[in-house]
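In: what's the 3D shape of this:
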Amino acid sequence: MKPTSPVALPAADVPLRAILSNYPKVFAARMAGREKRALGDAFGLSNFGVNLTRLPPGAVSALRHSHSKQDEFIYILEGHPVLHTNAGETRLTPGMCAGFRAGSGDAHQLANPGDADVVYLEIGDRTAGDSVVYPDDDIQATRRDGRWEFAHKDGTAYD
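Out: As a prediction, the model looks like this:
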C-alpha cells in the first residue's frame, strides 16, 4: 500500500498556510507578515500540530492568549523575539524554548521588535473542547468539530 504522507521532506517545501489567520477580520490584520508552515499536517498528524513560523520585524505570533485544554511549546531557531506573558516580557534567543501548560491562565504572545526575522517551531495538541481566553482583546474562542469558533466576550458571534 502506498503511503499517503511523505516519510521525510525539507521543512521549506511545506507550503505556507494559505490563510493569514483564523481570527475574525478585525484581528486577522494584526498577524500581517506572519508565515506558518503546517509541518505536522504534511505528515497527517492528528493528535498534535507542529508549525514552522516566521515573524518579520514588527510582527506578532498571535493575540496574547491562554488555552483551557491545549498545551503549547515553542523552540526558537533564529532571531530574538520577546515573549509576553502574565509575568511580563522575556527576551528569547536561538536555542531557547518555552512551554505553556493548559489551564494555567498564563496568556502568552511572541513579538519581533528586532530588525531580523524570528523563526521558531510551535507545537500544540489538538484536544477537543479547548477554549481560549484573550485578556487584552474582546474575543474568545472555542474549538468545536476541529474548527475554531470566535465570539465577543459577551458571547455575541463575530460575523
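In: Can you tell me the SS state at residue 29?
Out: helix (DSSP: H, G, I helix; E, B strand; the rest coil).
In: can you tell me how far it sits from residue 80?
Out: Note on residue 29: its distance to residue 80, by Cβ to Cβ, to the nearest Å, is 25 Å. C-beta: built from backbone N, CA, C; applies to glycine.
In: between the two, which one's more packed in?
Out: Shown here are residue 29 and residue 80; by other Cβ atoms under 10 Å, residue 80 has more neighbours (16 against 10).
In: Leaving out sequence neighbours, find the closest residue to that one.
Out: Closest residue to residue 80 apart from its sequence neighbours, by Cβ to Cβ, 6 or more residues apart in numbering: residue 114 at 5.2 Å.
In: Please verify my assumption that that neighbour contacts residue 55.
Out: No - counting by Cβ atoms under 8 Å, residue 114 stays clear of residue 55, with 9.5 Å between them.
In: Now the common contact residues for those two.
Out: By the contact definition Cβ atoms under 8 Å, 6 or more residues apart in numbering, residue 114 and residue 55 are jointly contacted by 79, 81.
In: out of those two, which sits in the busier spot?
Out: Shown here are residue 114 and residue 55; by other Cβ under 10 Å, residue 55 has more neighbours (23 against 16).
In: Kindly list the main-chain dihedrals of the more buried one?
Out: phi -120, psi 110 (degrees, to the nearest 10).
In: I'd say it and residue 61 touch.
Out: Yes - using Cβ under 8 Å, residue 55 is in contact with residue 61, at 6.4 Å.
In: what do the two both touch?
Out: Residues touching both residue 55 and residue 61 (Cβ under 8 Å, 6+ apart) are 34, 81, 110-111.
In: could I get the residues you listed as CSV with neighbour count, secondary structure and pLDDT?
Out: Output for the shared contacts of residue 55 and residue 61, formatted as CSV (neighbours: other Cβ atoms under 10 Å; DSSP: H, G, I helix; E, B strand; the rest coil; pLDDT from 0 to 100):
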residue, neighbour count, secondary structure, pLDDT
34, 20, coil, 97
81, 26, coil, 98
110, 24, strand, 98
111, 17, strand, 98
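In: what's the closest of these to residue 145?
Out: residue 34 (25.3 Å; Cβ to Cβ).
In: Residue 52 is in contact with that closest one, correct?
Out: No - using Cβ under 8 Å, residue 34 is not in contact with residue 52; the gap is 11.7 Å.
In: Alright, calling it a day.
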